[in-house]
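Peer 1: Any chance you can model this:
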Amino acid sequence: MSGFSKGLGKVEVALRWDPSPAGAPAHDLDLIAAVYLASDPYGSPAYLVHFDSRSPDGTVYMSRDSTTGKGFGDDEAVTVEFARQPEAHGRIVVGVVIQQRPDRLVFGDVANPEVHIREGYTQLARDDFSTVAHCTAATVAEFVRTPGGAWRLNPGVRGFDLEPDEFTAAMGARAV
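Peer 2: Below you'll find the model as predicted:
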């Protein structure tokens with residue numbers, strides 16, 4: 001067996017949550033992926049991928065989008081194909097934001113939110129948002145290209161108390 005790593009191949013970040021109680025407004029959580037250039041990994045994203053969009057080269061895409069959390073299994077999923085990432089890309093951050101209508105919601109208000117990060121059948125990370133229960137948005141994964149060109153996952157949930165548009169501008173900032 002070799003001692004070197006080929007890095008990540010094709011990874012899915014999947015989100016699920018339970019529907020809001022009967023008669024209450026639906027809880028709408030959204031996955032967002034931000035792709036950053038290697039030349040400016042903490043600057044503005046080169047582009048964002050969210051519901052109704054995909055990366056221009058097709059290497060980052062949404063396969064499911066729910067506005068209610070109803071159904072079985074994952075409610076939302078974003079797939080990242082690392083083997084096809086252009087050399088210019090050096091960092092990809094995936095986050096979750098709660099749509100704030102009609103009332104302000106935080107992760108603690110949503111029943112059983114959970115994120116899974118998988119490569120094939122291998123679970124790389126999982127979180128239930130309990131550490132950011134007071135937040136309206138959170139980053140859930142940071143993927144970084146190593147000096148050798150392979151991609152690695154830096155798992156971890158980092159919470160934000162921001163509106164959706166503000167979150168997309170802040171989600172890639174360097175953690176303090």
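
Peer 1: can you list contacts of stretch 34-47?
Peer 2: Contact with stretch 34-47 is made by 48-49, 55-56, 60, 87-95, 144-145, 168-169, 171-174, as judged by C-beta atoms under 8 Å, 6 or more residues apart in numbering. Yep, even glycine has a C-beta here, placed from its N, CA and C like the rest.

Peer 1: nope, stretch 108-128 is what I meant
Peer 2: So stretch 108-128 is contacted by 8-20, 27, 29, 69, 74, 96, 98, 107, 129, 133-134, 140-141, 153, 155, 157 (C-beta under 8 Å, 6+ apart).

Peer 1: Of these, keep whichever come out buried.
Peer 2: Buried members of those, counted by 16 or more other C-beta atoms under 10 Å: 8, 11-17, 19-20, 27, 29, 69, 74, 96, 98, 107, 129, 140-141, 153, 157.

Peer 1: so of the residues you listed, which ones are in strands?
Peer 2: Of the buried ones among the contacts of stretch 108-128, the ones assigned to strands by DSSP state E are 11-16, 29, 96, 98, 140-141, 153, 157.

Peer 1: need those residues in a markdown table with distance to Pro164, can you?
Peer 2: Converted to a markdown table, those look like this (distance: C-beta to C-beta, whole Å):
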| residue | distance to Pro164 |
| --- | --- |
| Val11 | 24 |
| Glu12 | 22 |
| Val13 | 17 |
| Ala14 | 20 |
| Leu15 | 15 |
| Arg16 | 19 |
| Leu29 | 11 |
| Val96 | 11 |
| Ile98 | 8 |
| Val140 | 15 |
| Ala141 | 18 |
| Leu153 | 24 |
| Val157 | 17 |
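
Peer 1: Give the burial count for the closest residue to Ala133 other than its chain neighbours, as a bare number.
Peer 2: Excluding its sequence neighbours, the residue lying closest to Ala133 (C-beta to C-beta, 6 or more residues apart in numbering) is Gly108, at 3.5 Å. Gly108 has 12 neighbouring residues, counting by other C-beta atoms under 10 Å.

Peer 1: Distance of Gly108 relative to Pro21?
Peer 2: From Gly108 across to Pro21, the span is 15 Å (C-beta to C-beta, to the nearest Å).

Peer 1: try Asn112
Peer 2: From Asn112 to Pro21 the distance is 13 Å (C-beta to C-beta).
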